[in-house]
Every structure is written in C-alpha cells, then in structure tokens.
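Participant: Could you work out the structure for the sequence below:
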Amino acid sequence: MEKVNIAKIFGSDVKDIMHLLNSSGKECYIVGGAVRDMLLEHKDFKDIDLTTPLRVEQLKLIFDLNQIRFDDRALKYGSLTISTKKRRLQITSFRKDIQTFGRSADVAHIENIEEDAKRRDFTINAFYCSYKGEIIDPLGNIKDLNKKKLKFIGDPEKRITEDYLRILRFFRFIAVLDLKNKNIGSNYLPIIKKHLHRLSELSYERVAIEIRKILLAGSPVFALSLMNKVGLYEKFLGVYSPKSVLRIEKLERRLQLKPSLVRRLLALEIQNPNPLMSKKEKKYFKNLSYLIDFEHNPDYLGYKLGEKASLDFLIIKAIKNGVSIKTRDTDKIKKASTRIFPIKFSDLQTLTKDLNATKEKMDLMEDFWIRSGFKASKGKLLGLLD
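Facilitator: Sure thing, here's the model as predicted:
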C-alpha cells in the first residue's frame with residue numbers, strides 16, 4: 001500500500017504527538033477506525049486513536065516533561081487521553097487481555113503489534129498507520145476491508161463475551177458502512193441473540209452513544225431490521241415499523257436532507273429518546289413535538305420555523321399520518337423562509353407607549369401578512385390599526 005500524508009489527512013497536531021512519542025525510540029501508530037475510514041476514503045475523522053509499545057508510565061513521563069496535561073482515568077487499561085487544540089486523542093499501550101469481564105478486563109503490556117491486533121474486535125479495525133505514513137496490516141485483513149466484510153477477529157463468541165458493547169458496535173458498523181447480508185457472517189446473529197441480555201450490564205450512557213450513531217447513519221435500514229430480528233430494537237427503541245424506517249430514508253433522499261436525530265426519533269416514535277440527545281437537540285425535540293399536534297400551512301411553517309425545521313415537520317407528519325409530501329408545499333416553504341416582515345417595532349412605537357399592546361398589534365399584523373401569502377403591503381398592514 002502507498003504511504004499517506006499524516007499531517008494532511010489526520011492533522012498536524014496528530015503528527016506532532018506521534019513525533020514526540022517516536023523520539024523515545026518506540027514507534028507510535030494511528031490505529032482502528034481512523035485508519036479504516038481513511039482506507040475507505042471517508043474524510044471525516046472524528047475519533048483518532050493512537051497506540052504504542054511504550055508503557056503507560058513512560059507516556060506519563062513524556063507528557064509531564066513536555067508539559068502536556070493528560071487524563072489518566074483509563075490508566076488501568078493502559079490508556080491516557082490528551083487534548084490538542086483540535087481534538088482529544090486517546091493513546092493506549094500495546095496490550096493483551098489476561099481476563100475479561102464483559103466491559104472491563106485485566107490487561108498486560110506487550111510490545112508485539114500482532115498480539116495487540118489480535119485483541120481488537122473486527123478485522124476491519126486492525127489496521128495501523130505509522131508516523132511515516134505506512135499502512136500496517138498485522139493480521140492480513142485488507143481483503144475483508146476491500147470486500148467490506150464485517151468479521152470478528154478469531155472466535156466471535158469470545159470477542160462478544162470479552163466486551164458486550166461489541167454487540168452494538170456490530171450493528172453500528174453495518175449501519176455506518178451500509179452493509180448487507182453478503183457482508184456479514186451468517187452465524188453471528190444467533191450468537192448475538194444468545195448474549196443480548198448481557199447488555200443490561202453496561203451503562204446506558206455507553207449504550208446510548210452506540211444507538212445514537214446507528215440512528216444517525218446515512219442508511220440504517222438493514223441494521224435496524226437485523227436489530228429487530230434479534231430483539232434488540234424492541235429492547236431499546238420500542239415498536240419496529242419497517243415501513244416507517246424505509247420511508248424516512250426515501251423522504252430524506254428526495255428532499256436532500258442529511259440524517260437528523262430529532263427528525264428520526266419523532267418519525268419512528270423511539271421510546272425513551274432523552275438519553276440519546278444533546279441539550280440543544282432536546283430543546284428542538286420539545287419544540288417540534290408541540291407543533292406536531294397542530295396543522296400548519298407551508299407559508300406559516302417556512303416563515304416561522306425556517307426551511308430545515310419545516311421539512312422535518314413535514315416528514316414527521318407524513319410518516320405518522322401516512323400522507324404524501326407535495327412539491328408545491330416544499331417550494332412554498334423554501335420561499336417563505338426568506339420572507340422579511342415589513343413592519344418594524346419602531347413603526348408602532350409612535351402609536352402606543354404600551355409595549356405589550358405594541359407586541360400584540362405586531363403579532364396580529366404578522367398573522368394577517370402570512371395569511372395573505374405575504375402580499376399585504378406595509379401600508380395595508382398599518383391601515384389595520386385604524
């Protein structure tokens with residue numbers, strides 16, 4: 001494989017940290033998802049993990065000497081986290097599992113990259129990238145990546161019992177990589193179903209992170225159908241509606257919208273949605289939930305909510321009520337979202353000193369203006385006060 005430009009692809013901050021650790025005489029590598037996504041030509045690297053044969057005590061010493069602050073809460077797993085100006089980076093010593101407990105493990109430090117690769121979850125996540133930009137495939141898994149095969153490393157049941165979160169990661173990769181039946185092992189679902197009850201041992205925060213990523217995938221239809229097949233959808237998301245799942249994807253493609261968590265939560269009527277959302281999303285969810293109970297014309301929606309929120313509203317209503325979305329309505333929304341109300345607060349201040357009364361008059365005129373199809377002139381609107 002050709003060498004890659006670390007600074008250009010992953011960022012100069014990542015390269016600087018790798019250079020610092022390499023100065024100790026031990027190689028530092030980018031590992032896992034970032035390397036996988038780079039090889040698949042995905043360009044958005046949200047999480048970049050580093051690994052090195054350096055012991056965690058040596059990492060602490062290097063960071064202390066260079067006045068780099070670190071988070072050592074995962075110290076017992078051989079990991080430290082530092083923050084650059086651009087992102088947080090987790091740096092983990094090469095390790096192997098001695099004994100596992102579903103989500104935690106007793107680990108031992110090693111210096112062999114092949115042994116480190118063997119303890120990872122899926123073959124497509126066992127790639128390393130050196131400081132010089134060399135791609136290293138210790139277990140010979142590049143064929144799986146080229147064919148987009150999602151395979152556990154070694155014994156799938158052993159991998160799952162080592163960390164039950166891998167059940168959700170399995171479905172997440174199916175969703176994010178848009179995989180189909182041909183891309184996954186036929187014996188995986190029975191094993192997953194057998195251990196499904198062990199997910200209750202995990203913190204819901206960790207579960208929510210994975211479910212959120214599944215629901216935000218470009219095309220989660222197949223992943224959600226498999227989750228329903230093993231009973232996972234009902235366990236965490238509620239009643240499964242294949243028709244609704246298919247329809248929301250089709251409508252998003254038709255209206256050229258990126259996946260929206262709030263839109264999908266409301267359209268699919270997901271149970272217990274709060275843990276999946278950020279503070280900002282919760283506010284948007286609450287506002288849209290209130291609007292869904294009413295009927296609003298496209299002019300009102302576009303002007304009051306803006307184009308994106310209005311289209312979210314139409315999609316949710318279309319799926320919940322089994323109705324179609326008309327092109328003329330989306331066109332009206334787009335135009336209405338650009339309208340500017342011709343009356344200013346200062347236009348009415350000379351007529352009354354009562355601020356509440358002024359606001360009430362503004363609201364009445366704005367409502368009339370919207371119902372006129374934005375055609376009522378400023379003079380016509382002020383004339384309503386006579």
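
Participant: can you map out the strands along the stretch 51-200 of the chain?
Facilitator: Here the stretch 51-200 of the chain has its strands, by DSSP state E, counting those that start in this stretch, at 70-71, 79-83, 88-93, 95-100, 105-109, 128-130, 135-136.

Participant: Please identify the most buried of the ones you listed.
Facilitator: Stretch with highest mean neighbour count among those: strand 128-130 (a mean of 22; mean count of other CB atoms under 10 Å). From N, CA and C alone the C-beta is placed, and that goes for glycine too.

Participant: elements contacting that one?
Facilitator: In terms of contacts (3 or more CB pairs under 8 Å, 6 or more residues apart in numbering; DSSP states H and E), strand 128-130 is packed against strand 29-31, helix 33-39, strand 135-136.

Participant: follow-up on the earlier one: could I get the strands of the stretch 51-200 of the chain as TSV with mean pLDDT?
Facilitator: Listed next are the strands of the stretch 51-200 of the chain as TSV, based on pLDDT from 0 to 100:
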stretch	mean pLDDT
strand 70-71	92
strand 79-83	92
strand 88-93	94
strand 95-100	65
strand 105-109	62
strand 128-130	96
strand 135-136	96
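
Participant: And those strands: which comes nearest residue 214?
Facilitator: strand 88-93 (21.9 Å; CB to CB).

Participant: now the closest one against strand 79-83, angle please.
Facilitator: Interaxial angle of strand 88-93 relative to strand 79-83 (axes from the mean of the first three to the mean of the last three CA atoms, to 10 degrees): 150 degrees.

Participant: now the helices and strands packed on strand 128-130 in JSON lines, with distance to residue 92?
Facilitator: Below are the helices and strands packed on strand 128-130 laid out as JSON lines (distance: least, CB to CB, whole Å):
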{"stretch": "strand 29-31", "distance to residue 92": "8"}
{"stretch": "helix 33-39", "distance to residue 92": "13"}
{"stretch": "strand 135-136", "distance to residue 92": "16"}
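
Participant: With residue 341 as the reference, name the closest of those.
Facilitator: Across the helices and strands packed on strand 128-130, closest to residue 341 is helix 33-39 (CB to CB), at 45.5 Å.

Participant: follow-up on the earlier one: residue 269: which of the strands of the stretch 51-200 of the chain is closest?
Facilitator: strand 88-93 (34.3 Å).

Participant: Tell me which strands the closest one pairs with, and in which orientation.
Facilitator: With DSSP bridges as the test, strand 88-93 is paired with strand 49-52 (parallel), strand 79-83 (antiparallel).

Participant: can you put these in a markdown table and add distance to residue 336?
Facilitator: What follows is these, written out as a markdown table (distance: least, CB to CB, whole Å):
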| stretch | distance to residue 336 |
| --- | --- |
| strand 49-52 | 46 |
| strand 79-83 | 43 |
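
Participant: And those strands: which comes nearest residue 233?
Facilitator: It's strand 49-52; of the strands paired with strand 88-93, that one is closest to residue 233 (CB to CB) at 29.2 Å.

Participant: Centre of the chain to that closest one, how far?
Facilitator: On the basis of CA atoms, centre = their mean, to the nearest Å, strand 49-52 sits 22 Å off its chain's mean C-alpha point.

Participant: what residues are up against residue 231?
Facilitator: Applying CB atoms under 8 Å, 6 or more residues apart in numbering, one finds that residue 231 lies in contact with 193, 196.

Participant: Tell me which of the strands paired with strand 88-93 lies nearest to residue 135.
Facilitator: strand 49-52 (14.3 Å).

Participant: Residues in contact with the closest one: which ones?
Facilitator: 14, 17-18, 21, 26-34, 59, 89-94, 116, 128.

Participant: which among these end up buried?
Facilitator: Among the contacts of strand 49-52, those buried by neighbour count (16 or more other CB atoms under 10 Å) are 14, 17-18, 21, 27-34, 59, 89-94, 116, 128.
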